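Asks: sequence below, structure please.
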Amino acid sequence: MEDYVGYLPYVPPVLTILWALICLRIYTMISKDNPGQRRLIAIGGAVGAALIYVLASNLTALLQAPSSEPAEAKTEEGRVKVQMKAE
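Replies: Got it, this is the predicted structure:
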């Protein structure tokens, strides 16, 4: 399970580049006679790439976060036993 963690930092940029290439392909297929449609594809591609990058970054941060098991163990180890003196 730990094998894929090394590759996680590369996921958001790679997905963003793939999205940009797809949008660039669509952009080049649209005729130069339709500048409005080309602009919309360019704007949509940029917004989509930004969203993909942000979501993929958040997802990789969640996958890299440590599990809650060690935190529970630390709280149990940190307890102090108080002893009362008998008078």
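Asks: contacts, neighbours, all on C-alpha from now
Replies: Noted.
Asks: where in the chain is pLDDT low?
Replies: Flagging of the chain using pLDDT under 70 yields the residue ranges 1-2, 67-78, 87.
Asks: Ser57 and Val14 touch, don't they?
Replies: No. Using C-alpha atoms under 8 Å, Ser57 makes no contact with Val14, being 11.3 Å away.
Asks: show me which of those two is the more surrounded one.
Replies: Taking other C-alpha atoms under 10 Å, Ser57 and Val14 do not tie; Ser57 has more neighbours (18 against 13).
Asks: spatially nearest residue to that one, not counting backbone neighbours?
Replies: Once flanking residues are discounted, Ser57 sits nearest to Pro12: 5.8 Å by C-alpha to C-alpha, 6 or more residues apart in numbering.
Asks: what about the one you found, distance to Asp33?
Replies: 34 Å (C-alpha to C-alpha, to the nearest Å).
Asks: please say which of those two ends up with more neighbours.
Replies: Remark: of Pro12 and Asp33, Pro12 carries more neighbours, 20 against 8, as counted by other C-alpha under 10 Å.
Asks: what strand or helix carries the more buried one?
Replies: Pro12 is part of helix 11-29 when elements are defined by DSSP states H and E.
Asks: what's that helix packed up against?
Replies: For helix 11-29, the elements it packs on are helix 35-64, judged by 3 or more C-alpha pairs under 8 Å, 6 or more residues apart in numbering; DSSP states H and E.
Asks: who are the packing partners of the helix it packs on?
Replies: The criterion is 3+ C-alpha pairs under 8 Å, 6+ apart, and the helices and strands that helix 35-64 contacts are helix 11-29.
Asks: now Ala56: how far from Val82?
Replies: Separation of Ala56 from Val82 (C-alpha to C-alpha) stands at 48 Å.
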